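Enquirer: Need coordinates for the below:
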Amino acid sequence: MSERRVTLCWPNRIDEAVLSGGSWSGGLPRDHLQTPVMAEVAESSDLLPSSTRFDITFPRFRTIAVAALCKHNLSVDARWRVRLFRDETASEEMWDSGWLPAWPSIYASSELNWEDSNFWSGVPFEEDRQDFTPLAWAFADRPQVCRLVRFEIEDTNNADGVVRIGRCFVGDAWQPQYNAAYGIQYGHDIGTEFESAGNAEMTEYADVKAPKRTVTFSLDHLSEEEGVRRALALQRKQGLHGEVLYTEHKTPGPMAFSRTFMGRQVSVDPLTHPYYATYANTINLKEIL
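Expert: All right, here's what the predicted structure looks like:
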C-alpha cells in the first residue's frame, strides 16, 4: 500500500467476532466495542495492562489491513499495540505493530512557539485532548489473512482511573490504483442551531453542536474491476449507515490526524463510464461522532 493515497477501509469485522480478555465494567462491558454508537463506551475495571487488553476472534479467516481505537480517553502518555495471529490460540503471529503512541504528533511546528515543551514532538498537552476527536490507527505492512487480533493498552497514569473506548475497528483497506482527482474538498458539517429572542435586537442564542468533518472526492480513473467490485460494493455493503475509515496517510502525523476519521456515506453517486476502459465515481463522507 502507498504511504500517501486516498484509502477507504471497510467493513468493520469486529461485529461478527467474539471478544475475550481483560477486565471490564459490568455496566459498560467490553462488548460495547461492537456497538456502532460511539457514546456507548466500553470501560475497563482499572488501569492494569491485564485489564485493558482484549482479543477479537473471527468465525473464519478474514483479511485485516488496519486496526483503530475510536473515541478513546487515553492520555497523551498512553501506548497501544495490535498483533495479528493466524490461529485462534494466538500461537502463530503474523504481524506486530510494536508499541505505538495513542496520541501521535498533532501540531505542526509552525503552530507552536519555540518555548513550548511539545515544539519538537507536536503531541498535545493533556488539557488539549478535548479539542480533538481521539483516534489511534495502525496499518499492517500488508493485508494479513488472520483469525485473531489482539489489542494491548498501557495507560497506567490515566487521570480517569479507567480506559474508555467508544468503538474498535478492524478491517480491510482499499487504495485505488490511481489517486483521487484534484479538487478534493475537506470541510465541516456544523449543525449549530440558533434561536432569536423577541426583543428589538432579535438577540441570537446558539445551540452549539460538535462540527463533523467531511470529505468529497472523485475517483476518475477506475478500472472496471475497481468500479464494480469496489466502488459499487462500498455503496451496497455500507449504504448510508455503515462505517468507513477514511485517510490519506498510512502513518499518523499532523496532516494525517486532521484528515483521518471514521465516517459514513452521506450520499451515493452512480458509477459512470465516461471513456473506454475507464470508470468514475464520486464519494461523499461525513464523520461519525
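
Enquirer: Give me the nearest residue to Thr278, chain neighbours excluded.
Expert: Distance criterion CB to CB, 6 or more residues apart in numbering; nearest residue to Thr278, sequence neighbours excluded, is His221 at 6.0 Å. For every residue, glycine as well, the C-beta is placed using N, CA and C.

Enquirer: Surely Pro143 is in a helix?
Expert: No. Assessed with DSSP: H, G, I helix; E, B strand; the rest coil, Pro143 is strand; it does not lie in a helix.

Enquirer: Relative to Trp103, how far out is it?
Expert: 26 Å (CB to CB, to the nearest Å).

Enquirer: need the contact list for Thr251.
Expert: Residues near Thr251 by CB atoms under 8 Å, 6 or more residues apart in numbering: Glu3, Phe139.

Enquirer: Now with 7 Å, please.
Expert: Glu3 (CB atoms under 7 Å, 6 or more residues apart in numbering).

Enquirer: Same question for Arg230.
Expert: Counted by CB under 7 Å, 6+ apart, Arg230 has contacts Trp174.

Enquirer: Just say helix, strand or coil for it.
Expert: Of the three states, Arg230 takes helix under three-state DSSP.

Enquirer: Pretty sure Ile14 sits against Ile165.
Expert: No. Using CB atoms under 7 Å, Ile14 makes no contact with Ile165, being 11.2 Å away.

Enquirer: any common contacting residues for these two?
Expert: Contacts common to Ile14 and Ile165, judged by CB under 7 Å, 6+ apart, are Leu33.

Enquirer: In terms of neighbours, single out the busier of these two.
Expert: The neighbour comparison of Ile14 against Ile165 (other CB atoms under 10 Å) goes to Ile165, with 27 against 21.

Enquirer: burial count for the residue nearest to Thr278?
Expert: Using other CB under 10 Å, His221 is surrounded by 17 other residues.

Enquirer: Repeat that for Arg213.
Expert: If you count neighbours by other CB under 10 Å, Arg213 ends up with 21.
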